[in-house]
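Undergrad: Predicted coordinates and the sequence they were generated for:
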Amino acid sequence: MKKWHRLLTVIATILLSILFGCSAMMDACTPCEIEPEACEYSGQAPKKYLPFTSLLDSKRISAHVDYANQQNQTSYRRMAEDDDSTHGFLTGRATFHEQQAFEFQQSVFTPNGLIGLLLPTLFGGTLGALLIKRPGDTNGNEKPNNVSTSN
């Protein structure tokens, strides 16, 4: 009988040391509430070994939440870098095209440009055509000279 008592004592001591000495076992036995949003964010579901969620599940899901956060932040940094690169490229191209348009504007609309030289010429030509009377022009009140009046 002493052997059985000794064996039961050793087994009980081992089980109690496992139960109270092993942190994972204590975490698995400690109840802990887990937010459903944390499960959705991490993409993990709690593994229920007991009828309740435990501290072990909470720690595991918390680690997955941290991992998902790092992945999202890395993705956001990449998108920000891509956006900055695209923004810089497009801003440079827009500046280039604006400079070309400004040079074209300066060549066309300056006094020595196309509009600056043609507009006075067109204005003067139009004014001259309207105001200067040419031979053979009539104004509607005058009778032509070659019409004979026979009565």
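TA: Cool, the structure landed. Small disclaimer: the values here were computed from a predicted structure and weren't measured.
Undergrad: C-alpha from now on. contacts and neighbour counts both.
TA: Noted.
Undergrad: for the lengthiest helix in the chain, packing partners?
TA: Scanning the chain for the longest helix, with DSSP state H as the assignment, gives helix 55-109. Packing partners of helix 55-109 (3 or more CA pairs under 8 Å, 6 or more residues apart in numbering; DSSP states H and E): helix 23-29, helix 36-42, helix 114-131.
Undergrad: Let me have the ones you listed in a markdown table, adding mean neighbour count and distance to S17 as columns.
TA: Below are these laid out as a markdown table (neighbours: other CA atoms under 10 Å; distance: least, CA to CA, whole Å):
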| stretch | mean neighbour count | distance to S17 |
| --- | --- | --- |
| helix 23-29 | 16 | 10 |
| helix 36-42 | 14 | 32 |
| helix 114-131 | 12 | 98 |
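Undergrad: want to throw those into TSV with distance to I61 and mean pLDDT?
TA: Shown next, in TSV, are the helices and strands packed on helix 55-109 (distance: least, CA to CA, whole Å; pLDDT from 0 to 100):
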stretch	distance to I61	mean pLDDT
helix 23-29	13	77
helix 36-42	7	92
helix 114-131	73	76
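Undergrad: For D83, which of the ones you listed is the nearest?
TA: Smallest distance to D83 across the helices and strands packed on helix 55-109 (CA to CA): 25.2 Å, for helix 36-42.
Undergrad: Now render the helices and strands packed on helix 55-109 as JSON lines, adding distance to T9.
TA: Formatted as JSON lines, the helices and strands packed on helix 55-109 follow (distance: least, CA to CA, whole Å):
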{"stretch": "helix 23-29", "distance to T9": "20"}
{"stretch": "helix 36-42", "distance to T9": "42"}
{"stretch": "helix 114-131", "distance to T9": "109"}
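Undergrad: what stretches of the chain score poorly on pLDDT?
TA: Low-confidence segments of the chain (pLDDT under 70): 1, 19-21, 134, 137-151.
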